[in-house]
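>>> starting from these lines, generate the structure:
(2 chains)
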Protein chains: 2
Amino acid sequence: MQNFTFYSPTYFMFGKDTENRAGELVKRFGGSKVLIVYGGGSVVRSGLLDRVKKSLEAEDLSFLELGGVKPNPRSGLVYEGIDLSKKESVDFVLAVGGGSTIDTSKAIAAGVLYDGNFWDFYSGKRIEKALPVGTILTIAAAGSEGSPDSVITNENGMYKRGASGDAIRPRFSILNPALTQTLPPYQTAAGITDILAHLHERYLTNTKDVEVTDRLIEGLMLTMIHEAPRVIADPDNYEARANIMWAGMMAHNNSCGVGRTQDWNSHNIEHELSALYDCAHGAGLAVTMPAVFKYVYKHDVMRFAKLAVRVWGCQMDFDDPEATALAGIRALENFLRSIGMPLTFAEIGAKEEDIPKLVQTLCYGDGRKGSISGFVTLNEEDCTNIYRLML
Amino acid sequence: MQNFTFYSPTYFMFGKDTENRAGELVKRFGGSKVLIVYGGGSVVRSGLLDRVKKSLEAEDLSFLELGGVKPNPRSGLVYEGIDLSKKESVDFVLAVGGGSTIDTSKAIAAGVLYDGNFWDFYSGKRIEKALPVGTILTIAAAGSEGSPDSVITNENGMYKRGASGDAIRPRFSILNPALTQTLPPYQTAAGITDILAHLHERYLTNTKDVEVTDRLIEGLMLTMIHEAPRVIADPDNYEARANIMWAGMMAHNNSCGVGRTQDWNSHNIEHELSALYDCAHGAGLAVTMPAVFKYVYKHDVMRFAKLAVRVWGCQMDFDDPEATALAGIRALENFLRSIGMPLTFAEIGAKEEDIPKLVQTLCYGDGRKGSISGFVTLNEEDCTNIYRLML
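Just a heads-up that it's a prediction; the model follows:
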């Protein structure tokens, strides 16, 4: 196991009606003038935004609003949020929404306390300070409610990049599974896929002898495989939603990923797709993951065989472990298809002729030098081959 | 799933040589005058205490020492630590040792800021404030390095009780698996048993539909079953030690126990044994757990069958699930025996004729009203029967 540090000081409040405690928690974590960040329709239509505002008012907190966050959130709204927060002396950022809203809020919180261009953080500079952020989660997916990460699309070139720093870990996150019951099935499935991807990115490691985190990751994968069909069949199933929601947080707060190298190539390869075609990030991952795994499994056949046996219930073929590894990847594809996710370029509106452009941005964008690294280092040719496997 | 809150803000620094960062971390978390709490021999002999002091000196921190913590730590030393800390205006308590040392440090930290008798916290009063505590862990066992709990033996009557409160969660914990390589095999095994007990206490729930935490607990149990024989065969195995150490923290910081009722009857029943006979807590748990499980498994046969199949690799007997449940309990016994743990009263020096006295303290001590509650509520007769199963 590698040396590591782990620090996850987010206060989680989980369960029914917990959004009504937002005001109390903002106050507890030092907020007095709050920027509420959200997307659009459903948060307003469902009455959630009103309940949150009422909860802030009950604690005599003042607030202003910044709506309009879109999936695959963009840099433009971040600049707007930073300007607004500076002008109005905001001291707390409250995200009401999913990963895009939370990531936008984190970017604003970091940008307000930084004199330069906030994009510096998304080009490799570590975030050292930020306004406190709180979240009220409306979809189990990104894990941003418990992570030190944020991903934003730069509109100047349409590419996605990530930033990190303990300073942007939410001070509190309110997780009410009931808020996710109204999600359309496709979004629920895309969220489930994103969670599975966070687990795979950690599972694919080059560090030997990390049984504890292997087992924790496998346990979370098994949970997702068990709960996904239940929630797709019955969107109102609170218990299934609750299991998925806690799994989504645990999948990404890194308690299950410590002390080991991680992959993140599927995410890197996918980010180009959702940046360019604006598909759901989870849907893009459903297309990307099997292609990446088919391309790289020979790097460590036994790791893929372990995944196939322990998680997908495949029988180990002791004469041909490679067959077991491939059976596991097929089981993943079948699972993704069963919950309504796409598996091909065409299904997310991606085009074969764009592959050179995708590879160019992926391998050279924003300071990269011709390859991406992870479980396996992939150069231009590798990435081209992987995108072609998605056709 | 039940509503819950989860808050684990401890900063974990994990890996080789990390004890040399103690000074830096004490400073980061606001300490300037430190009370170093430790047990005896090995911490001094191994040079660990000297390295820690050197690390504090390098940061110009002043400190005083309180040695002499014993396993099954006692109230007397806590009073001494509180008096000393008040007199010397200590502002940080640094535990160098295992669960007993950490629990003593937590009790001192809470007692210093409390005008009454610190034992109030161990009689049901919640701890709301405490001096900051840091830990340098020397045995993977109690999980106190990441928990809000502390257990102390009251010398006035020789009984053990627990206290809780987020205020006593360590601000930082340094986890260097190499520090555990010199432990005698019996202590290593007792630590492993304690970790397994923390997992069982959470697994035995009356809350339905909590797959995510079931799977996480099972994953940690499987890790312990895999790593235990490796470390017993080769005490210097750093990797096995590392897996066990992180599992021990995760088993007890409650990320795997949220949203569900828990048991804790094995711990309650054991506490009387280690308080009276001064056996290792883990050894007492090895004697206690199988007896409790044999007595209560009929309360939920399928839960015990699930544990048997998923964790102990038993084949499910679909015609007779009860047989599967019992096979799992036998597998636990075999495992405990294989790592050198006792299974009977005689092996820990306990005496049949003391059973009435044990039951009396267990069921009536410190305000209890004739029973203990958990997975199953157990009255005097039940507890007598359970102790008799250990003969």
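>>> shouldn't A:His252 be within a helix?
No - assigned with DSSP: H, G, I helix; E, B strand; the rest coil, A:His252 falls outside any helix and is coil.
>>> please name the residues that touch it.
By C-beta atoms under 8 Å, 6 or more residues apart in numbering or on different chains, A:His252 lies in contact with A:142-144, A:146-147, A:149, A:195, A:198. Using the backbone N, CA and C atoms, a C-beta is placed for each residue, glycine as well.
>>> TSV please, covering these and showing secondary structure and pLDDT.
TSV is the format used below for these (DSSP: H, G, I helix; E, B strand; the rest coil; pLDDT from 0 to 100):
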residue	secondary structure	pLDDT
A:Ala142	coil	94
A:Gly143	coil	96
A:Ser144	helix	97
A:Gly146	helix	97
A:Ser147	coil	96
A:Asp149	strand	95
A:Ile195	helix	98
A:His198	helix	98
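>>> need the max-distance pair from those residues.
A:Asp149 and A:Ile195 (14.3 Å; C-beta to C-beta).
>>> pick out whichever of these two has more residues nearby.
It is A:Ile195, of A:Asp149 and A:Ile195, that has more neighbours when counted by other C-beta atoms under 10 Å in any protein chain shown, with 28 against 21.
>>> from memory the more buried one sits against A:Ile139, does it?
No - A:Ile195 is not in contact with A:Ile139 according to C-beta atoms under 8 Å; the separation is 10.5 Å.
>>> picking that back up, could you dump the contacts of A:His252 to CSV with distance to chain B?
Conversion of the contacts of A:His252 to CSV gives the following (distance: C-beta to the nearest C-beta, whole Å):
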residue, distance to chain B
A:Ala142, 17
A:Gly143, 14
A:Ser144, 17
A:Gly146, 10
A:Ser147, 14
A:Asp149, 18
A:Ile195, 11
A:His198, 14
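>>> just the buried residues of these.
Applying 16 or more other C-beta atoms under 10 Å in any protein chain shown to the contacts of A:His252, the neighbour count classes A:142-144, A:146-147, A:149, A:195, A:198 as buried.
>>> in which helix or strand does A:Met316 reside?
Using DSSP states H and E, A:Met316 is not contained in any helix or strand.
>>> is the nearest residue to it once chain neighbours are set aside in a helix, a strand, or coil?
Of all residues not flanking A:Met316 in the chain, A:Val309 sits nearest, at 5.0 Å (C-beta to C-beta, 6 or more residues apart in numbering or on different chains). With three-state DSSP as the basis, A:Val309 sits in helix.
>>> which residues touch A:Val309?
If a contact means C-beta under 8 Å, 6+ apart, then A:Val309 has A:315-316, A:324, A:328 as its contacts.
>>> could you list the residues in contact with stretch A:45-63?
A:19-24, A:26-27, A:31-36, A:38, A:42-43, A:94, A:96, A:136, A:138, A:179, A:182.
>>> what angle do the lengthiest helix in chain A and helix B:211-233 make?
Using DSSP state H, we find that the single longest helix of chain A is helix A:211-233. Between helix A:211-233 and helix B:211-233, the angle comes out at 160 degrees (axes from the mean of the first three to the mean of the last three C-alpha atoms, to 10 degrees).
>>> list the buried residues for helix A:211-233?
For helix A:211-233, the neighbour count (16+ other C-beta under 10 Å) marks A:211-228, A:230-232 as buried.
>>> stretch A:18-29 now?
Result for stretch A:18-29 [16+ other C-beta under 10 Å]: buried residues A:18-19, A:21-27.
>>> cool, stretch A:100-114 as well?
Buried residues in stretch A:100-114, counted by 16+ other C-beta under 10 Å: A:100-112, A:114.
>>> of the buried residues of helix A:211-233, which ones also sit close to chain B?
Contacts with chain B are made by A:211-213, A:215-216, A:218-220, A:222-223, A:226-227 out of the buried residues of helix A:211-233, judged by C-beta under 8 Å from any C-beta of the partner chain.
>>> tell me which of those is nearest to A:Leu378?
A:Thr213 (23.5 Å).
>>> was I right to think the closest one contacts A:Asn254?
No - if you go by C-beta under 8 Å, A:Thr213 and A:Asn254 don't touch, sitting 9.6 Å apart.
>>> among the contacts of stretch A:45-63, which lie within helices?
Mapping the contacts of stretch A:45-63 onto helices (DSSP H) picks out A:22-24, A:26-27, A:42-43.
>>> determine which two of those are furthest apart.
So, the ones in helices among the contacts of stretch A:45-63 by C-beta to C-beta: farthest apart are A:Lys27 and A:Ser42, at 26.6 Å.
>>> so what's in contact with A:Thr213 and A:Asn254 at the same time?
Common contacts of A:Thr213 and A:Asn254 (C-beta under 8 Å, 6+ apart): A:Arg202.
>>> ranges for the helices of the stretch 1-150 of chain A?
A:22-28, A:41-45, A:48-57, A:75-87, A:99-112 (DSSP state H, counting those that start in this stretch).
>>> list the buried residues for the shortest one?
Using 16+ other C-beta under 10 Å as the test for burial, helix A:41-45 gives A:42-43.
>>> residues near the closest residue to A:Asn154 other than its chain neighbours, how many?
Leaving out its chain neighbours, the residue that sits closest to A:Asn154 by C-beta to C-beta, 6+ apart is A:Ser75, at 5.1 Å. By the criterion of other C-beta under 10 Å, A:Ser75 has 20 neighbours.
>>> so what touches the host helix or strand of A:Gln360?
Here A:Gln360 sits within helix A:355-364, counting by DSSP H and E. Residues from elsewhere that reach helix A:355-364 (C-beta under 8 Å, 6+ apart): A:157, A:159, A:268-269, A:272-273, A:276, A:368, A:370-372, A:379-380, A:383-384, A:387-388.
>>> make it 7 Å
A:159, A:268-269, A:272, A:276, A:370-372, A:380, A:383-384, A:387-388 (C-beta atoms under 7 Å, 6 or more residues apart in numbering or on different chains).
>>> now, of the residues you listed, which are buried?
Buried, going by 16+ other C-beta under 10 Å: A:159, A:268-269, A:272, A:276, A:372, A:380, A:383-384, A:387, out of the contacts of helix A:355-364.
>>> who in chain A is up against chain B?
Contact residues, chain A versus chain B (C-beta under 7 Å from any C-beta of the partner chain): A:1, A:3-9, A:11-16, A:18, A:209, A:211-212, A:215-216, A:218-220, A:222-223, A:226-227, A:239, A:242-243, A:246-247, A:250, A:255, A:258-259.
>>> all strands for the stretch 151-300 of chain A, in order.
A:159-164, A:172-175 (DSSP state E, counting those that start in this stretch).
>>> could you dump those to a markdown table with mean pLDDT and distance to B:Ala189?
Shown next, in a markdown table, are the strands of the stretch 151-300 of chain A (pLDDT from 0 to 100; distance: least, C-beta to C-beta, whole Å):
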| stretch | mean pLDDT | distance to B:Ala189 |
| --- | --- | --- |
| strand A:159-164 | 91 | 40 |
| strand A:172-175 | 98 | 38 |
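>>> count the residues that sit near A:Ala167.
By other C-beta under 10 Å, the residues close to A:Ala167 number 18.
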